[in-house]
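1. For reference, the sequence and a predicted model appear below.
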Amino acid sequence: MNPHEQFREEVSQNIEGLQQDKKLQSESLDWVGVTAKHKYTYNFSWMGRPIIQFPQDMVAMQEIIWDLRPDVIVETGIAHGGSLVFYASMLELIGHGEVLGVDIDIRQHNREAIEAHPMARRISMIQGSSIDPAIVDEVRARVAGKKVLVVLDSNHTHEHVLEELRLYAPLVSVGSYCVVMDTVVEDMPEDAFPDRPWGKGDNPKTAVWAYLEENRDFEIDARIHSKLLITVAPDGYLRRVR
């Protein structure tokens, strides 16, 4: 076994250990819950744009992008555009690919900042509901025949995310991922989201579980959320296997 293979084997064993450490997993989830009260995910930016994600998940996305080298990354939910810029910067380093963002309401100041960004040449945006048939048709036409990675991060209700999965997951290339953000909502306290239409029992994770019952083309890549420990997407890294 050469040194590179040996290192990969050690990492694999590390992850297996983390998967078996239920106490550490519980403590990590407790940490997520406590920091949520302080809006922890709002404290980070990427190349000047607020990203509103855990840094750990962005490292995981970097690994996926580097390994896959997708032609197109489709993301539903734009907000300040930090994640669009992040994905575009990864593709810039690779020297290949584009990012397509979809949002029902792209605020003008955010659009202007994204369009003025150095990574803008790899970013396109579509305004409209991610589950509007006309919007889906436009996305489908733009990714046809390409290697596609999808990230779902818009409205977090069960009904909306399940419909997004039904519409966007089929666009994902075999071996690529459909990443569903904020599945951690299911693991948070009952009163964690008093001003939101989603919560325990009605969120992205329940949508993932429902979708996997009706579609066998995807599997949860548990090794990703197991090694991260701190993540907004437990059970949310879905790999297309067929």
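-> Looks like it came in fine.

2. Show me what the helix ranked longest in the chain is packed against.
-> The single longest helix within the chain, with elements called by DSSP state H, is helix 3-20. Identification of packing neighbours for helix 3-20 by 3 or more C-beta pairs under 8 Å, 6 or more residues apart in numbering; DSSP states H and E yields helix 222-228. For glycine as for every other residue, the C-beta is placed from the backbone atoms N, C-alpha and C.

3. switch the cut-off to 10 Å
-> helix 22-36, helix 222-228 (3 or more C-beta pairs under 10 Å, 6 or more residues apart in numbering; DSSP states H and E).

4. any idea of the mean pLDDT in the next helix or strand after the last one?
-> Spelled out, that is helix 222-228. Downstream of helix 222-228, the first helix or strand assigned by DSSP states H and E is strand 237-240. Across strand 237-240, pLDDT averages out at 98.

5. any idea how far strand 237-240 is from the chain center?
-> 10 Å (C-alpha atoms, centre = their mean, to the nearest Å).

6. Which positions in it come out as buried?
-> Tyr237, Leu238, Arg239, Arg240 (16 or more other C-beta atoms under 10 Å).

7. what about the strands in this protein?
-> 45-46, 49-50, 72-76, 98-103, 123-127, 148-152, 177-180, 218-220, 237-240 (DSSP state E).

8. Point out the other helices and strands that the second one packs with.
-> So the one you mean is strand 49-50. Going by 3+ C-beta pairs under 10 Å, 6+ apart, strand 49-50 lies up against helix 82-94, helix 108-115.

9. Mind checking the helices and strands packed on helix 3-20 for the one nearest to Val102?
-> Closest to Val102 of the helices and strands packed on helix 3-20 is helix 222-228 (C-beta to C-beta; 23.6 Å).

10. mean confidence for that closest one?
-> 96.

11. just stretch 189-202 next, same as before
-> The average pLDDT within stretch 189-202 is 86.

12. Ok, stretch 118-136 next?
-> On average, stretch 118-136 scores 98.

13. Could you give me the buried positions within that stretch?
-> Here stretch 118-136 shows Met119, Ala120, Arg122, Ile123, Met125, Ile126, Gly128, Ser129, Ser130, Ile131, Ile135, Val136 as buried, counting by 16+ other C-beta under 10 Å.
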